[in-house]
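S.K.: Please find the sequence and the predicted model below.
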Amino acid sequence: MKKRRLIVTLASLIAALTTIAVISCGILYYLVKSPQISLEETAYIYIYPHDTSTTILNKVRGVASPSSTVGFKILVKHNNFDKVARSGKYAICDKDSWHDIYSRIVRKEQTPVKVVVPSVRNFQQMSRVLSEQLMFDSLNIMEFFANPTYINQLGYTLETFPTLILPNTYEVYWNIMPEQFIARMMKERRKFWNEERLAKAKALNMTPEEVATLASIVDEETNNNAEKPIVAGLYINRLKRNISLQADPTVKFALGDFARKRILLADLEVESPYNTYKRTGLPPGPIRIATIAGIESVLNYARHDYIYMCAKEDFSGTHNFATTLSQHNANARRYQEALNKLNIKK
């Protein structure tokens, strides 16, 4: 009898423990692997390297209302989650379990972002715009943009380095590092400068850097893409005839003042390798990040005989073109008179 009672007791204990284990597993499964997120559309969180499991959980709470947070706490506690820095943009989806979210972060299954690389006048502006879209701050990227040793290792000078950048929209990871971003720009540049474009540059007796330099002047002269090949053709005519470019935007660059609407005679005397009134040929580098449209306008410039241009007196942003100095002077007088009427001194 005693033996039978012992067996029954042990069987009952085992059954009870089994029941508890089954219930515990069920609860654990529910907390960890059952859907905890209910969303109408996918939301995203941005994780920085200094974020912890607590701050990440708060970010999830900020974009969703999980049924419970216990499952995430269990996962991070038993897997040393906080011992590794995490960063990136991660999706929080409808019907996600905590295991889904946890695994996505641990496996670094990021959602890419579309970063707009703009055509701006300098790397300070570029750094600011990029830092507004990506994890790194403007100082991080400026350390690379302004480092002559690093730039020389890439095969550029401080003057020509802006020709590396091709303004466009690119898909990258939000936590991309500055050096990785520059490596991506190098890759995009190699892709852009294919055999056909290189052949066109060679036919102009120009390097890609020189093409981008001229394109930057064209971009500053006009925002009208249809007019850019005409402007490019004019400057190419001048280069072929060894006539100085006499491009007002290069004087503005030399003066450090792109807000000027009127260039005075005294301004033309500024001593700078970028002053194309005093120096023939191209300046040592671009005066802004050249657009793809600007580069294409140089490579596919319009064939004509123009060597003079002047902004139209209607301030439309387009130009009057001329083949003779007398025609140009007449165009210039009309523009100067229009400036005078508006009392624009500079």
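M.R.: Nice, thanks for sending it over.
S.K.: what pLDDT does Lys312 get?
M.R.: Per-residue pLDDT puts Lys312 at 85.
S.K.: any low-confidence regions in the stretch 201-346 of the chain?
M.R.: Within the stretch 201-346 of the chain, the stretches with pLDDT under 70 are 345-346.
S.K.: Okay, helices next: where are they in the stretch 51-200 of the chain?
M.R.: Along the stretch 51-200 of the chain, the segments classed as helices by DSSP state H, counting those that start in this stretch run 53-63, 70-78, 98-106, 123-131, 138-145, 148-153, 178-192, 195-203.
S.K.: Please state the mean pLDDT value computed over the fifth one.
M.R.: Within the predicted structure, the mean pLDDT of helix 138-145 is 94.
S.K.: now for it, which elements pack on it?
M.R.: helix 123-131, helix 178-192 (3 or more CB pairs under 8 Å, 6 or more residues apart in numbering; DSSP states H and E). Bear in mind the C-beta positions are built from the backbone N, C-alpha and C, glycine included.
S.K.: Excluding its own residues, what touches that helix? List them.
M.R.: 123-124, 126-128, 130-131, 150, 161, 178-179, 181-182 (CB atoms under 8 Å, 6 or more residues apart in numbering).
S.K.: Quickly name whichever of those is closest to Ile295.
M.R.: For those, the residue nearest Ile295 by CB to CB is Phe161; the value is 15.9 Å.
S.K.: Not counting its neighbours along the chain, what's nearest the closest one?
M.R.: Among residues not flanking Phe161 along the chain, Ile151 sits closest, at 5.0 Å (CB to CB, 6 or more residues apart in numbering).
S.K.: pretty sure that neighbour is touching Pro162, no?
M.R.: No: the pair Ile151 / Pro162 is not scored as a contact, 10.4 Å apart, by CB atoms under 8 Å.
S.K.: Just want to know which of the two has more residues nearby.
M.R.: Regarding Ile151 and Pro162, a neighbour count based on other CB atoms under 10 Å identifies Pro162 as having more, with 24 against 19.
S.K.: give me every residue that touches the residue lying closest to that one once chain neighbours are set aside.
M.R.: What sits nearest to Pro162 in space, not counting adjacent residues and going by CB to CB, 6+ apart, is Pro286, at 5.0 Å. Each residue near Pro286 by CB under 8 Å, 6+ apart is listed here: 160, 162-163, 212-213, 215-217.
S.K.: Can I get the buried part of those residues as one PyMOL selection?
M.R.: Buried residues within the contacts of Pro286, by 16 or more other CB atoms under 10 Å, are selected in PyMOL with:
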select buried, resi 160+162+163+212+213+215+216+217
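S.K.: Which strand residues bridge the residue nearest the centre of the chain?
M.R.: When CA atoms, centre = their mean is applied to the chain, the residue found nearest the centroid is Val117 (2.8 Å). Val117 forms beta bridges with Asn168, as assigned by DSSP bridges.
S.K.: re earlier: figure out which of the helices and strands packed on helix 138-145 is closest to Pro229.
M.R.: Comparing these by CB to CB, helix 178-192 comes nearest, at 18.1 Å.
S.K.: what's the angle between the closest one and helix 138-145?
M.R.: 50 degrees (axes from the mean of the first three to the mean of the last three CA atoms, to 10 degrees).
S.K.: What lies in contact with helix 178-192?
M.R.: 117, 130, 134, 136, 140-141, 143-144, 154, 164-166, 168, 170, 172, 176, 208, 292.
S.K.: Distance to Arg238 added to the helices of the stretch 51-200 of the chain, as TSV?
M.R.: Output for the helices of the stretch 51-200 of the chain, formatted as TSV (distance: least, CB to CB, whole Å):
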stretch	distance to Arg238
helix 53-63	57
helix 70-78	66
helix 98-106	57
helix 123-131	29
helix 138-145	31
helix 148-153	30
helix 178-192	26
helix 195-203	17
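S.K.: who wins for proximity to Val251 among those helices?
M.R.: Nearest to Val251, of the helices of the stretch 51-200 of the chain and by CB to CB, is helix 123-131 at 20.1 Å.
S.K.: Show me what stretch 337-346 is in contact with.
M.R.: Stretch 337-346 is contacted by residues 260-264, 313-315 when judged by CB under 8 Å, 6+ apart.
S.K.: Out of the contacts of helix 178-192, which end up buried?
M.R.: Counted by 16+ other CB under 10 Å, those give 117, 130, 134, 136, 140-141, 144, 164-166, 170, 172, 176, 208 as buried.
S.K.: As CSV, the residues you listed with distance to Ser68 would be great.
M.R.: Listed next are the buried ones among the contacts of helix 178-192 as CSV, based on distance: CB to CB, whole Å:
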residue, distance to Ser68
Val117, 42
Leu130, 39
Leu134, 34
Phe136, 35
Asn140, 38
Ile141, 41
Phe144, 45
Leu164, 50
Ile165, 47
Leu166, 48
Tyr170, 39
Val172, 35
Ile176, 34
Pro208, 58
